[in-house]
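Chemist: My questions are about this predicted structure, shown below with the sequence.
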Amino acid sequence: MSLLVRSASRLRSAWRRCEDAVRDMLAPADPLEDEAVIGEVESSRIAAMGRRASIGFGAAWQTSMTGRIVARWRSAFEACTHAVRVQLVCLTVAVVAAVHLLLLATATAWRTPLQWAIPAIVMVGALGMLFRNRLA
C-alpha cells in the first residue's frame, strides 16, 4: 500500500511541477523583456523581408487575373440572399464529395470503409440541406 501512496505522491508532485512550468511560460516574470525581444524581432531584416513579401504578394493578388475573377465571384456571392448562399455552398460540398467518391471508385488500391463513408455522409448531408425546402 505504501508503494501506491508513494507513486501517487510522486505523480501529484510531477503534475504540480508541470503546471508551474506551464504557468511560468505563459506568464513571463518580466514583461519589459518580452517587449524588448518583440522589438528586436520586428526591427530585424527577416521581419522586414517578410513584411515586404506580404505587401508584394497582396499587390500581385490584386492585379492578377485570378484575383480579379475571385473578386467578381465574391461580389456576386455576397449579392445573393442567405438562402441562396447556403444552397450554393451545399451544392459545392456535394459536388466535391461526389468527385471524391468517384476518385475512390476508380482507384486501383484497396480502400477501407471509412474512406467511403465520410464523403458519402458529407454528400448526403449537403444534398439533404440543399433539397430540404423542396421536400417539405
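Modeler: That came through fine.
Chemist: residues contacting the spatially most central residue of the chain?
Modeler: Closest residue to the average C-alpha location of the chain: residue 93 at 16.5 Å, with CA atoms, centre = their mean. Shown in contact with residue 93 (CB atoms under 8 Å, 6 or more residues apart in numbering): 122-123, 126. C-beta: built from backbone N, CA, C; applies to glycine.
Chemist: what mean pLDDT does the helix or strand encompassing it have?
Modeler: Element membership for residue 93, per DSSP states H and E: helix 82-106. The average pLDDT for helix 82-106 rounds to 87.
Chemist: and it, which residues are buried?
Modeler: Buried positions in helix 82-106, judged by neighbour count with 16 or more other CB atoms under 10 Å: 87, 90, 93-94, 97-98, 100-101.
Chemist: repeat for stretch 122-133
Modeler: For stretch 122-133, a neighbour-count test (16+ other CB under 10 Å) marks 122-123, 126-127, 129-130 as buried.
Chemist: just curious, which of these is nearest to residue 35?
Modeler: Proximity of the buried residues of stretch 122-133 to residue 35 (CB to CB) peaks at residue 122, which lies at 46.5 Å.
Chemist: Spatially, which residue comes closest to the closest one, not counting chain neighbours?
Modeler: The shortest distance from residue 122 to any non-neighbouring residue, by CB to CB, 6 or more residues apart in numbering, is to residue 97 (4.5 Å).
Chemist: right, and the one you found touches residue 126 too?
Modeler: Yes: the criterion here is CB atoms under 8 Å, and residue 97 meets it with residue 126 at 6.6 Å.
Chemist: quick one on the thing from earlier: closest one of the buried residues of helix 82-106 to residue 59?
Modeler: Comparing these against residue 59 with CB to CB places residue 93 closest, at 32.4 Å.
Chemist: how much space between the closest one and residue 101?
Modeler: Taking CB to CB, to the nearest Å as the measure, residue 93 falls 13 Å from residue 101.
Chemist: so is residue 110 in a helix, a strand, or just coil?
Modeler: What DSSP: H, G, I helix; E, B strand; the rest coil gives for residue 110 is coil.
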